[in-house]
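Undergrad: Got a predicted structure here, sequence first:
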Amino acid sequence: MFDQATVEMLMEGVVDTLYMTIVSTFFSYVFGIVMAVILVICRKDGIRPNPVVYSVLDVVVNLTRSFPFLILMIAVIPFTRYIVGTTIGNNATVVPLVIAAAPFVARLIESSLLEVDNGVVEAAQSMGASTWQIITKVLLPEALPSLINGSAVAAITILGYSAMSGAVGGGGLGKLAIMYGYNRYQTDIMIATVILLIIIVQIFQSFGNWATRRSDKRGS
């Protein structure tokens, strides 16, 4: 069994991993919702078609998603240093995590919004609803169960990114796995970090499933 110092180190790694994942997921969803809404309303058959805005944002989202996370994390080091003043640690990891995850989240949200029945949107338009009202009172509420379910997928993806960040100065369980499991050949710590990551994934997915069911009941 592990001694107390090792257990405390692993628990600190869990806390750091949860911090990076939750904060990054929050900001990724903030930026992702904005991008997704713009993509949906500006598409050819959207409520405010704008081919130029749609094409530019579509290309930006696709290009950002094309970067492997480790390469992206290194590429944005100057920007990370400008934002948080350092390039290592938990706060520094959040910056590239958000940059990498926001376009992915935007696509998830876009898909959820496109699933909303056009008839509901057309009915809102016929009653004189503004674009803002359609977004806030029709599109987002109608897509809520799918958005909640997508948040669990996004959080799990970001959790995987945070683990990879340990290779280039990030903290959390990824750092412990690389520092002890890989560099020092301490297989027991490597296995412990993997088990802890699996537990966190299961918690995120279970919470997402529960919240989705709750939103479905309220919607019905």
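TA: Structure received. Residues are numbered from 1 along each chain as shown.

Undergrad: Check which helix or strand Ile83 maps to.
TA: Counting by DSSP states H and E, the element that carries Ile83 is helix 77-84.

Undergrad: Repeat that for Pro103.
TA: When elements are assigned from DSSP H and E, Pro103 belongs to helix 90-114.

Undergrad: dump the residue contacts of the closest residue to Leu97 other than its chain neighbours.
TA: For Leu97, the nearest residue in space outside its immediate sequence neighbours is Ser24; the separation is 3.8 Å by CB to CB, 6 or more residues apart in numbering. Every residue, glycine included, has its C-beta placed from N, CA and C. Contacts for Ser24 were tallied using CB atoms under 8 Å, 6 or more residues apart in numbering; they are 93-94, 97-98, 101, 158, 161-162.

Undergrad: could you point out which element follows the strand or helix carrying Ser24?
TA: Ser24 belongs to helix 4-42 when elements are defined using DSSP H and E. Scanning forward in sequence from helix 4-42, with DSSP H and E defining helices and strands, the next element found is helix 51-65.

Undergrad: Against which helices or strands is that following helix packed?
TA: helix 4-42, helix 90-114 (3 or more CB pairs under 8 Å, 6 or more residues apart in numbering; DSSP states H and E).

Undergrad: returning to what we had before: let's have the contacts of Ser24 in JSON lines, adding distance to Met190.
TA: Rendered in JSON lines, the data for these read as follows (distance: CB to CB, whole Å):
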{"residue": "Thr93", "distance to Met190": "20"}
{"residue": "Val94", "distance to Met190": "25"}
{"residue": "Leu97", "distance to Met190": "22"}
{"residue": "Val98", "distance to Met190": "28"}
{"residue": "Ala101", "distance to Met190": "25"}
{"residue": "Ile158", "distance to Met190": "21"}
{"residue": "Tyr161", "distance to Met190": "19"}
{"residue": "Ser162", "distance to Met190": "17"}
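
Undergrad: Okay, buried residues for the helix holding Pro103 please.
TA: By neighbour count on 16 or more other CB atoms under 10 Å, the buried set for helix 90-114 is 90-110, 112-114.

Undergrad: ditto for stretch 68-81
TA: In stretch 68-81, counting by 16+ other CB under 10 Å, buried: 69, 72-73, 76-77, 80.
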